[in-house]
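> Got a predicted structure plus its sequence, pasted below:
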Amino acid sequence: MYQAPEHFLSTDAAASRLLRHARLLAELSRRFAAAAPGPLASSARVANFRSGKVVILAENGAVAVKLRQLGQRLCSKLSFEGAECSEIEIKVQPRQTPFRSMGSTIKPISRRSVDNLETAAKGLPEGDLRRALETLLRRCATEE
């Protein structure tokens with residue numbers, strides 16, 4: 001017989017507390033999204049709730065300042081049965097954006113530029129600079 005994962009989480013005491021807290025945070029997040037003005041709601045998120053204190057993470061200082069100004073109003077709108085908000089703590093924490101590596105693209109060099117680089121390389125004495133230019137010319141893509 002199929003048992004939903006919530007069934008197993010609710011049978012263990014520690015997991016049950018964790019599940020209740022997760023549901024509480026989800027409800028606070030929904031209420032915060034509805035209570036905060038549009039741009040502020042998308043630039044901040046509810047992080048925690050403990051002993052009447054709601055912790056909100058703002059993406060930057062400007063958002064944090066505005067949320068602090070709205071603190072009491074937000075606190076009253078976040079309060080509901082089971083979660084009485086008595087204080088709001090605002091912390092600045094930028095969202096973590098995953099690093100995306102950009103693949104290198106070969107940018108072609110015009111035929112005229114290739115000719116100029118070849119002339120410059122031929123005019124140089126044997127050395128590192130000349131070898132670097134010759135390597136560049138071998139590897140570069142040329143515009144036709």
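It's in. What you see is a predicted model, and the numbers here were worked out from it, not measured in a lab.
> C-alpha only now, for contacts and for neighbours.
OK.
> Let me see the ranges of the strands in this protein.
Applying DSSP state E to the chain gives strands spanning 44-50, 53-58, 87-92.
> okay, and for this protein, where does confidence drop off?
1, 6-10, 82, 98-99, 101, 142-144 (pLDDT under 70).
> Go through the strands of the chain and pick out the most buried.
strand 53-58 (a mean of 21; mean count of other C-alpha atoms under 10 Å).
> sorry, back to before: now render the strands of the chain as a markdown table, adding distance to Arg30.
Shown next, in a markdown table, are the strands of the chain (distance: least, C-alpha to C-alpha, whole Å):
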| stretch | distance to Arg30 |
| --- | --- |
| strand 44-50 | 9 |
| strand 53-58 | 13 |
| strand 87-92 | 16 |
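> what's the closest of those to Leu70?
Of all the strands of the chain, strand 87-92 sits nearest to Leu70, with 9.8 Å by C-alpha to C-alpha.
> contacting residues around the closest one?
52-61, 64, 67-68, 71-72, 75 (C-alpha atoms under 8 Å, 6 or more residues apart in numbering).
> Leu124: which of the strands of the chain is closest?
strand 87-92 (55.6 Å).
> Mind listing the strands the closest one pairs with, and their directions?
Strand 87-92 has its sheet partners listed here by DSSP bridges as strand 53-58 (parallel).
> Next, the angle from the partner strand to strand 44-50.
Computed by axes from the mean of the first three to the mean of the last three C-alpha atoms, to 10 degrees, the angle separating strand 53-58 from strand 44-50 equals 160 degrees.
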